[in-house]
Every structure is written in structure tokens, then in C-alpha cells.
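Peer 1: Provide a 3D model corresponding to the input given below.
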Amino acid sequence: MVVVVWVVNAYRDFTVQWMTPALSFLSAANTASPPPPPLIVWTNLLGRSVIAEVAQEFGYSTAVSGGGEFLWANSSTPAPPPGDVQSSSSSIAAGISELKLRVYECALVMFHTSASAIFAADSPPRVWSVITPNGSGGVRDLTSPHSAAVAHPNHKPFAVIEPLIRQHTRPGDTVLDPFAGSGSIGAAALMLQRNAICIERDPFWCETTRQRLKKLL
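Peer 2: Numbers count the residues shown, from 1 in each chain. Purely as a prediction, here's the structure:
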């Protein structure tokens, strides 16, 4: 139990360390009138409570109107190719009418409490989701024609990122990604006519992201 507590506290300290400058940057970059811009954080299911707790100390919450949890699920059973009537018929005959899904990550969509009224007690934050084919690279990723980006352990296909960018930003807005990885979020932002600022400490992935975004400019 001591080890668990230490890990949680360390993760909490880490979250405070990156969230403080990130929100300061967003506030400074927000030249428009209030409210402050939204905060969207990808995390696994174990880390979301810690992140939500820290964000709440900065005035952000999923309980603000429009906020919630955006779940990314991956189908564990590949769907038959389009037009493959025989495979589809065989699945129906065998009684297979459902797909098993594995939830990879969730994005906490949070707004500042000054942005809107808090949901009523009987109206919880919304939960919505996106489902991709079997394998994180199984869906055609329009932002990554080469395999290097897909090889990143936290690579996200365009179809996973697109809904969040379209819904919570407008063309010309700036998307800040302080953990760029392979540059999936930055690439999606550029493809959707947004500006992107990507930060990555690993030299290999930093160069991969730079080359990837350069092709989209």
C-alpha cells in the first residue's frame, strides 16, 4: 500500500509540474475574451482520477457543460472486408452479432468553471467514444503515410483525434501538445486548418514529429 501511495503522489506531482506551465501558456495565448480555452488530456483509466483532481485545483472540470470523457476503443475482432458477404453471413449464422472492444485510453475534456454553468446533480458529465479497427495502426492514418509515427506506443489515428479538434477548436486556433510523441495531434491540427505547437523531449520522436509536420505545411 505504501508503494501504491508513493506512485500516486509521484504521478500527481508530475501532473502539477506540466499542467502549471501548460495552462499559463494557454491563458497567455488566449487573446480572445474569456472564458479560458478547453483542456483535453489523454490518459489511461488509472490516471484519470489524479489528472481530474489536479485540473480541478486550476478551476477545470469535466462537470462543466460540454465536458466529459471521450473513450477510444479498439475492436479485438477485425471486421470482414467491405463486400465480403460470405464472411458476414457466416458470422450471423454462427450467432456472432457483437464485437469485443478494448478501451485503450480516455480523453478528459475539461472546461474552466467560469465557462458555463455546472451540470445539475442529476445530469452527469457526458461520455462519448470512437471505435477503430483491430490494431492501433489498423485504421488508415491520413496524417502518417510512413510507419515511424505508427510505431510510437501512444500513436493515435486521425479518426481518434479529429472529433475532439473539430468540436472544441475553430480553424485558426492554436492546439498545444506538451507530449507530442509521434506528432499525431499536431498533424491532425494542421490538416484541420489549426495551428500546432508540439513539445517532445525525446530527440528521435522530436525529429520524427518535425519531419511529419513539415510535410503538412
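Peer 1: going by C-alpha atoms from here, please, whenever you check contacts or count neighbours.
Peer 2: OK.
Peer 1: C-terminal to the helix or strand of the chain with the lowest mean pLDDT, what's the next element?
Peer 2: Between all helices and strands in the chain, the lowest mean by mean pLDDT, DSSP states H and E belongs to helix 85-93, at a mean of 47. Counting by DSSP states H and E, the next helix or strand C-terminal to helix 85-93 is strand 101-112.
Peer 1: same for that next one, what does it pack against?
Peer 2: Packing contacts for strand 101-112, counted by 3 or more CA pairs under 8 Å, 6 or more residues apart in numbering; DSSP states H and E, involve strand 39-43, helix 48-57, strand 60-61, strand 68-75.
Peer 1: pick the most deeply packed of those.
Peer 2: Among the helices and strands packed on strand 101-112, strand 60-61 has the highest mean neighbour count (mean count of other CA atoms under 10 Å), at a mean of 24.
Peer 1: got a list of contacts for that one?
Peer 2: 39, 52, 55, 67, 110, 111, 112, 113 (CA atoms under 8 Å, 6 or more residues apart in numbering).
Peer 1: for the nearest residue to the third one once chain neighbours are set aside, name its beta-bridge partners.
Peer 2: Residue nearest to residue 55 in three dimensions, not counting chain neighbours: residue 61, with 6.7 Å by CA to CA, 6 or more residues apart in numbering. When assigned by DSSP bridges, residue 61 has beta-bridge partners residue 111.
Peer 1: residues contacting the nearest residue to residue 22 once chain neighbours are set aside?
Peer 2: Spatial nearest neighbour of residue 22, excluding adjacent residues (CA to CA, 6+ apart): residue 178 at 7.3 Å. Listed by CA under 8 Å, 6+ apart, the contact set of residue 178 reads 18, 22, 198, 199, 200.
Peer 1: pretty sure the last one belongs to a strand, no?
Peer 2: So the one you mean is residue 200. No. Counting by DSSP: H, G, I helix; E, B strand; the rest coil, one finds residue 200 to be coil, located in no strand.
Peer 1: that one and residue 210 touch, don't they?
Peer 2: No. When contacts are counted by CA atoms under 8 Å, residue 200 is not listed as touching residue 210 (10.1 Å).
Peer 1: hmm, which of the contacts of residue 178 is lowest in pLDDT?
Peer 2: Ranked by pLDDT, these bottom out at residue 22 (90).
Peer 1: would you mark the buried spots in the helix or strand where it lies?
Peer 2: Element membership of residue 22 [criterion: DSSP H and E] is helix 2-29. Across helix 2-29, burial judged by 16 or more other CA atoms under 10 Å covers 12, 15, 16, 19, 22, 23, 26.
Peer 1: so where's this protein uncertain?
Peer 2: Across the chain, residues meeting the criterion (pLDDT under 70) sit at 1-7, 29-34, 76-99, 115-127, 134-150.
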